[in-house]
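Q: Prediction below, plus the sequence it came from.
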Amino acid sequence: MTETWPDPTLPPSLEMTQTLAALDQARQNADLDAGTRALLDRAHAALDSAIADTESERLRYSALFDAVPDPVSIIAWDGTVLDLNKAGMAAYRRSRAEIVGQPIEVLNPDLPPDHMVPVWEALSRGETYVVEVTNMRADGSRFPVEVHTAGFDYKGQKVMVAVARDLSNRWQAETRYRLLLESIDVGVILFDRDMHVISANPAAHRAIGAEPGQSVHTLLQPENWNIVDARGRPLSIHEWPTTQALERAQVISNTIVGLYYVPKRRMSWISVTTVPVFESGGTTPQYVFAMFSDVTTLKRDNVLFDRAQGLAHIGGWEWDRGRQRLYLTREAQRILGRVPTPETMDDMLAGIYGPDQHHIRTAIDRLIETGGSFDLELQYLRSDRHACWIRVIGEADTGDPGASRIVGTLQDMTERKHAEETLRVQARTDPLTGLLNRDAILVELEVRMQDPTHAAVAVLYVDLDRFKVINDVLGHAAGDELLASAAQRIANAVGTEGLVARFGGDEFLVVCNLADDQQRPERIAGAILHSLADSFRFDNEEFTITASIGIARAPTDGERPQSLIQNADAAMYDSKRRSRNAWQAFTPALAQTQADRLWMETHLRRAADNGEFHLVYQPQVDLLSGRIVAAEALIRWQNHLLGELRPDRFISHAETTGDIVRIGSWVLREACRQVAAWRDAGLGIVRVAVNVSYRQFVGEDLAEGVRLILDEFHLPGAALELEFTERVLIEDAPDTLRTFADLREMGVILTIDDFGEGYSALNYLRRLPIHGLKLSQLFVEGVPNNNSDVAVCQAVSGIARSLGLGLVAEGVESEAQRQFLLRLGVPIAQGFLFAPGLKPDEFARRLEQGGLHLSPAH
């Protein structure tokens, strides 16, 4: 029999209480002697103290027993339950009375009959017996427990204490863990220190290509694999992530490695995290878990993405505000060119050009506060001190209201910016001279005139004198070279005093400030004229180019750019008219001249429509007989305000505005109409000479127009003579030659007017199919007394005779001139000596009279 186990829930026994009461009563007897009373007092005190100690021990035992969170039972050597703590009663869902005194089988009815034997043997050896069994609750439900049993002596009897640890949660966790390992798509392999595989889940088998039934350990033999890092560098076994985790006794996270399986020549990529495993109480890991995912597709996509980023010069970035970490793609790192690679947003922003830092920080702050996105183009300084342009786009991660992660792209904009700058410079620059062009100087001038602090400006309008002559004679290539040289001299003369632009053709514009120096325009003009004083050289030839300069000041001479330039232009033309190689400031008188010119141009445009033009005909006569042989049609303008105007009053304006083309076409048709009228009146065919502007020659199909007019009035080509200026001589382009050939084929007489005044390009003269020359009035008026004019007339006469060309002298006003021309051999002339321009009726009357018969008296 086992000694009765005290019930810890009960107070001290009744027997002890009664004994203490009896002792107390006995010592109250008055008949007791002193010795007996003292003995009874000591016995009462000792018993009272023992009762108190017993109660204290009972309470301490009960507190400790019930404080254990796991079920704890006291079991007799024969297996009878002697006591059970509160955790046990809760676990088995039974009261103490239902279990105490019952055999242990009441808690586990599935125990075999001899289940106590191994327990006794272990306890007899002084060991603790541990076993996993299934216990039963009062409702019959089972739950797994791990029971630790130890023995001790109680009042000479062997008893046992058993602690049962509920394994339900662990079993559930292990089940979930096992199911997780079997179902997840992440490979998990457990290695020991010798890299032997202890276990591997199905995903690991699939990832490494294990065949059904094939040993993972055999498949993973090191000699079968070549392992490389993310950049393709081979890794030794000591650099493997598993080896690193064992040697460093720490987790190695998210390492990209390439696995090349030699037998099958198969390459795959994984992202692996390795975790060292320590045994209980150990300081050195004995195992290592390798958890990995197949990232072959992702790696391939990343490579393609990196290549695409490199080709597009676009990189990606992400800023994790919570961790204050910045992630940059490889292309983004290349674009920024910062060493070391930026790891925080401040690191990246450190390379941004000063003023632009404020822009991007403001944009980021606004994004954090209100959401949205930003798109900025910024100047960036790389670590090698090379500046570049980057485009930064950023936005909050989708679905992240706090903008804790900001993502975006970086684009290298340097080439585009350089191209834009090149285009901007090209758009503002004249390609021939390298100066500002017309559009650029107009913008600069408008900006200055709109700014009150720079409104006091002056414009210098510079026109090169005689440049067109040199350009036409030498050709465009030489002209361009001389123009570029002249532009360089002008730019050097102006220096930092103003802006210089090529305004068009051989015209330049200079804009300068007046605020600090009112005399600056005149000083600049003088410097420009001085810079052009030295001759220019081309192909061992020297040429002199001068300039005429007009000056206009704002706001006095114009409050808008166009009006200021127009007034400077007017001053330039006045300078050219006066002397050339000089400058002229704009004046009110010039303003009036310009107003008159505008009035003239306005009314000139309306003259043809209003029928204000008419023709007069100046006879061309045979100097020997005095008979009329032809006529020159001369235009007159009958204006209702100014009366009749001669050509020298308005033709130059018509040339400038381009109205000369329309007027010239009218003259051609009207002259031919009049010839037809004379013919129809019985006067025969009278050849009429008509002046043709160079603008008519290059601006329309002149030959076709002449053919249509001749056909309209049924006239032969010989009825019409066309007079051109010398300028057409140097235009020997195929179109020019073809036009002359077509006109000559029609029978039209072709004459060079005022020969000797302009180019006298003899080399070109012999190439064109012309019929004759007209000796300019400029030289005729000086003969026979002016030796220079005599020499010129003799030279022109000789040229005509040598080339077999006809010759007509203009402006003959005296008999002395007529006699000189006769001696020179000039056959035909016209001028006031014979008749002014005659109205058609008067010209017809003279024809009917048989022409003019001249005598010395005339």
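A: Okay, I see it. Residues are numbered from 1 along each chain as shown.
Q: buried stuff in stretch 420-432?
A: 428, 429, 430 (16 or more other Cβ atoms under 10 Å). In this view, the C-beta of every residue, glycine as well, is placed from N, C-alpha and C.
Q: Can you lay out those as CSV showing pLDDT?
A: Below are the buried residues of stretch 420-432 laid out as CSV (pLDDT from 0 to 100):
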residue, pLDDT
428, 84
429, 87
430, 89
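Q: Out of the residues you listed, which sit inside helices?
A: Within the buried residues of stretch 420-432, residues falling in helices by DSSP state H are residue 428.
Q: give the contact list for residue 744.
A: 750, 769, 771 (Cβ atoms under 8 Å, 6 or more residues apart in numbering).
Q: where's it, which helix or strand?
A: helix 734-746 (DSSP states H and E).
Q: in that helix, what's buried?
A: 736, 739, 740, 742, 743, 744.
Q: again, but for stretch 827-847
A: Quick answer for stretch 827-847 (16+ other Cβ under 10 Å): 828-831, 833-835, 837-838, 840, 843-844, 846-847.
Q: after the longest helix seen in the chain comes which helix or strand?
A: In the chain, assigned by DSSP H, the helix with the most residues is helix 34-67. Next in sequence after helix 34-67, counting helices and strands by DSSP H and E, comes strand 72-76.
Q: tell me how far that next one is from the chain's mean position?
A: 85 Å (Cα atoms, centre = their mean, to the nearest Å).
Q: How about stretch 423-442?
A: Counting by Cα atoms, centre = their mean, stretch 423-442 comes out at 23 Å from the chain centroid.
Q: and the end-to-end length of that stretch?
A: 18 Å (Cα to Cα, to the nearest Å).
Q: Please apply the same query to stretch 577-589.
A: Note: stretch 577-589 ends 15 Å apart using Cα to Cα.
Q: What lies in contact with that stretch?
A: 460, 465, 521-522, 525-526, 529, 546-553, 557, 567-568, 570-572, 574-575, 590.
Q: List only buried entries from those.
A: 460, 465, 521, 525, 529, 546-553, 557, 567-568, 570-572, 574-575, 590.
Q: Among those residues, which ones are in strands?
A: 460, 465, 546, 547, 548, 549, 550, 551, 552, 553 (DSSP state E).
Q: and the residues you listed as a markdown table, adding distance to residue 624 and pLDDT?
A: Below are these laid out as a markdown table (distance: Cβ to Cβ, whole Å; pLDDT from 0 to 100):
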| residue | distance to residue 624 | pLDDT |
| --- | --- | --- |
| 460 | 57 | 96 |
| 465 | 43 | 86 |
| 546 | 45 | 90 |
| 547 | 49 | 92 |
| 548 | 46 | 93 |
| 549 | 52 | 94 |
| 550 | 51 | 94 |
| 551 | 56 | 95 |
| 552 | 57 | 94 |
| 553 | 62 | 93 |
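Q: Turn the residues you listed into JSON lines, including distance to residue 67.
A: Shown next, in JSON lines, are those (distance: Cβ to Cβ, whole Å):
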{"residue": "460", "distance to residue 67": "108"}
{"residue": "465", "distance to residue 67": "120"}
{"residue": "546", "distance to residue 67": "120"}
{"residue": "547", "distance to residue 67": "115"}
{"residue": "548", "distance to residue 67": "118"}
{"residue": "549", "distance to residue 67": "113"}
{"residue": "550", "distance to residue 67": "113"}
{"residue": "551", "distance to residue 67": "111"}
{"residue": "552", "distance to residue 67": "109"}
{"residue": "553", "distance to residue 67": "108"}
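Q: Please consider this matter closed, and thank you.
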